[in-house]
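Trainee: got a sequence here, can you model it:
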Amino acid sequence: MRVQDATPLVKIRNLHFSRGRKVIFSGVDMDIPRRKVSAIMGPSGTGKTTLLKLIGGQLKPAQGTIEVDGQNIHSLNTKELYQLRMRMGMLFQSGALLTDINVFENVAYPLREHTDLPESMLRKLVLMKLEAVGLRGARDLMPSELSGGMARRVALARAIALDPMMIMYDEPFTGQDPISMGVLVKLIRSLNDAAHISSILVSHDVKETLQIADQVFVISDGKVVESGSPDELAVSKLDWTQQFVKGLPDGPVPFHYPADDLNEDLLNS
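Mentor: Take a look at the predicted model:
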């Protein structure tokens, strides 16, 4: 392993972030490795998508630092942040395709915005990216003509258009049928390995995520409660991790919302 590969791609230290009075993160430390698929998991509302926005510089922490490829992302000026973001791909939960242009132009959009490539080269690159996600034949379709799974794959082709060093996936499996989900699982893993990039996957879909992740960070109550490989989490001694991984209805995350004693509540009615 090269020295550069041994250093974390994303290094988070003592991260604190709140929305109003609600504490989202309270002292998060995290090292996200290079050239791996890293998953950030936890129940809904634990700040997984917020963490991606902090890594991308859309949000600023109240305290702590986030370094991406050795750069403190929140100390960069606008130009420096813009340049760093060009090396980050993002797959939004909704896909976020531009609805008034076809599939080809959606994938071509970042290339037109950020490069001066001749049209012949741009065309070849777009077709290669679409081929990588299995949708070269859909290049002339409009977003309204795509299934949900196809739209997610076009969005992935657009995310890799500029050959980024990393891709962040925000709940990529949400709302997908089993076939589309299987295709996305395979694509995330194969693209990561073939292109030698780093992937950060935010999800609460346990089975699919553990199938492709190299490293998993489980977050709850504003902290990383445990991290490790999928095999390590499977034999975790922490009740919280076991409840999440196995989908148990009750445990550290209780089935019942806090309430007064039932008998007293009934008598007082």
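Trainee: below-threshold pLDDT in the protein: ranges please.
Mentor: 1-5, 94-95, 247-256, 269 (pLDDT under 70).
Trainee: so where's the longest helix in it?
Mentor: Using DSSP state H, we find that the single longest helix of the chain is helix 178-195.
Trainee: how far out from the middle of the chain is that helix?
Mentor: In terms of C-alpha atoms, centre = their mean, to the nearest Å, the gap separating the centre of helix 178-195 from the centre of its chain is 14 Å.
Trainee: and if you look at stretch 208-222?
Mentor: With C-alpha atoms, centre = their mean, you get 11 Å for stretch 208-222.
Trainee: coming back round to it: packing partners of the longest helix of the chain?
Mentor: Under the contact criterion of 3 or more C-beta pairs under 8 Å, 6 or more residues apart in numbering; DSSP states H and E, helix 178-195 touches strand 37-41, helix 148-159, strand 166-170, strand 198-203, helix 206-212. C-beta coordinates here come from the backbone N, C-alpha and C atoms, glycine included.
Trainee: winner for burial among those?
Mentor: Of those, the one with the most neighbours on average (mean count of other C-beta atoms under 10 Å) is strand 37-41, at a mean of 26.
Trainee: in its sheet, what does it sit against?
Mentor: If you go by DSSP bridges, strand 37-41 pairs up with strand 198-203 (parallel), strand 215-220 (parallel).
Trainee: three-state assignment of the closest residue to K11 other than its chain neighbours?
Mentor: Spatial nearest neighbour of K11, excluding adjacent residues (C-beta to C-beta, 6 or more residues apart in numbering): E67 at 4.3 Å. Classification of E67 using DSSP: H, G, I helix; E, B strand; the rest coil returns strand.
Trainee: repeat for L15
Mentor: Secondary structure, three-state DSSP: L15 is strand.
Trainee: partners of it in the sheet?
Mentor: V28.
Trainee: from A62, how far out is it?
Mentor: Separation of L15 from A62 (C-beta to C-beta, to the nearest Å): 9 Å.
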